[in-house]
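# Need a 3D model of the sequence below.
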Amino acid sequence: MVAEEFRGIPGATWVLIFGSWAARFLQQETGPPPHDLDVLVVGDAQRRDVSDAADRVQQRLNMPVNPAIRPDVVWQQSDDPLVQQIRSGPYVTVREPR
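The predicted model follows:
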């Protein structure tokens, strides 16, 4: 569902889910179901397009979706605090890099 909603975003080269949802999905953490979904869009996507996709997922899942955007160069350099956090923890790719 996330891949479906984020698939057509112009400029998005990679989409992934991170945080508690990814940790539980990959069985690296136990606990109650997550209360939200953290999504990172890598590329030159417009914030409006990403927000619209997140809103559609939120409606379908009935849970908050927290989108973030980072340009490809920021993901590759990994000096960004959010990128460092994501890289150091579990994440699930929902759209492969092009």
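# can you pull out the strands in this protein?
12-18, 37-43, 65-70, 91-95 (DSSP state E).
# Phe6 and Asp36, how far apart?
Noted for Phe6: a distance of 16 Å to Asp36, by C-beta to C-beta, to the nearest Å. Placement of C-beta: from N, CA and C, glycine included.
# Pick out the residue nearest the middle of this structure.
Among the residues of the chain, the one closest to the centroid is Val39, at 1.9 Å (C-alpha atoms, centre = their mean).
# returning to what we had before: which among the strands of the chain is found nearest to Asp49?
Asp49 lies closest, by C-beta to C-beta, to one member of the strands of the chain: strand 12-18, at 7.9 Å.
# what's the angle between that closest one and strand 91-95?
If you take axes from the mean of the first three to the mean of the last three C-alpha atoms, to 10 degrees, strand 12-18 sits at 150 degrees to strand 91-95.
# Tell me where the model's unsure across this structure.
98 (pLDDT under 70).
# mind listing the helices in it by residue range?
Here the chain has its helices, by DSSP state H, at 2-6, 20-25, 47-61, 72-77, 81-88.
# residues in contact with the second one?
Judged by C-beta atoms under 8 Å, 6 or more residues apart in numbering, the contacts made with helix 20-25 from elsewhere in the structure are 16-17, 29-31, 33-34, 36-38, 89-92.
# of all the residues you listed, which comes closest to Pro10?
The closest of these, once distances to Pro10 are taken by C-beta to C-beta, is Leu16, at 18.0 Å.
# How much space separates the closest one from Pro67?
For Leu16, the distance to Pro67 (C-beta to C-beta) stands at 11 Å.
# Find residues that contact each of those two.
Counting by C-beta under 8 Å, 6+ apart, the residues touching both Leu16 and Pro67 are Val39, Leu40.
# on that earlier part again, which one, of the helices of the chain, ends up nearest to Pro97?
Nearest of those to Pro97, taken as C-beta to C-beta: helix 72-77 at 8.5 Å.
# If you count contacts, what does the closest one end up packed against?
On a contact count with 3 or more C-beta pairs under 8 Å, 6 or more residues apart in numbering; DSSP states H and E, helix 72-77 meets strand 37-43, helix 81-88.
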